[in-house]
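> coords below, sequence missing:
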């Protein structure tokens with residue numbers, strides 16, 4: 001809910017990079033939530049206000065050069081689970097047409113998360 005995000009940040013600007021611990025190493029930021037829900041509007045709003053960019057947001061937003069650079073530097077990143085264990089591939093799917101090139105890049109690499117221990 002973009003209106004709610006705006007209101008919350010107006011009241012408490014330090015929430016921009018706050019995280020919630022859902023347990024068992026499952027941490028999520030507002031940007032992370034927006035990313036796996038495919039909420040480009042919220043993600044862009046947060047990034048414009050200095051939220052910390054991550055690979056999952058870059059994937060959903062269709063930032064192919066960022067994703068390619070991350071995969072080149074750390075090939076196993078395609079298997080790293082995001083919040084709630086949601087893989088990069090799903091973030092690319094949630095990005096819709098804007099993330100089509102990222103999805104096509106990631107699909108042959110697999111992209112299923114490594115099971116948590």
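Ah, there it is. What you see is a predicted model; the values in this text were computed from it and never measured.
> what's the following helix or strand after the helix or strand of the chain with the lowest mean pLDDT?
Among the helical and strand segments of the chain, the one scoring lowest on mean pLDDT, DSSP states H and E is strand 19-21, with a mean of 89. Moving toward the C-terminus from strand 19-21, the next helix or strand (DSSP states H and E) is strand 27-29.
> Show me the helices in the protein, by range?
All helices of the chain, identified by DSSP state H, fall at 2-11, 30-36, 40-48, 55-60, 64-73, 88-94, 100-106.
> and among those helices, the most buried is which?
For the helices of the chain, the largest average neighbour count (mean count of other C-beta atoms under 10 Å) is found in helix 55-60, namely a mean of 27. (C-beta placed from N, C-alpha, C; glycine too.)
> and that one, what other elements does it pack with?
In terms of contacts (3 or more C-beta pairs under 8 Å, 6 or more residues apart in numbering; DSSP states H and E), helix 55-60 is packed against helix 30-36, helix 40-48, helix 64-73, helix 88-94.
> For residue 22, the count of nearby residues, please.
11 (other C-beta atoms under 10 Å).
> Not counting its neighbours along the chain, what's nearest it?
Nearest non-adjacent residue to residue 22, counting by C-beta to C-beta, 6 or more residues apart in numbering: residue 28, 6.4 Å away.
> which residues does that neighbour contact?
Contact partners of residue 28, counting by C-beta atoms under 8 Å, 6 or more residues apart in numbering, are 19-20, 22, 83-84.
> go again using 7 Å as the cut-off
Residues in contact with residue 28 (C-beta atoms under 7 Å, 6 or more residues apart in numbering) are 19-20, 22, 83.
> what bits of the protein have low per-residue confidence?
111-117 (pLDDT under 70).
> and if we set it to 50?
Low-confidence segments of the chain, defined by pLDDT under 50: 117.
> Residue 14 versus the closest residue to residue 95 other than its chain neighbours, what's the distance?
Leaving aside its sequence neighbours, residue 95 sits nearest to residue 60 (C-beta to C-beta, 6+ apart; 4.2 Å). Applying C-beta to C-beta, to the nearest Å, the value for residue 60 to residue 14 is 24 Å.
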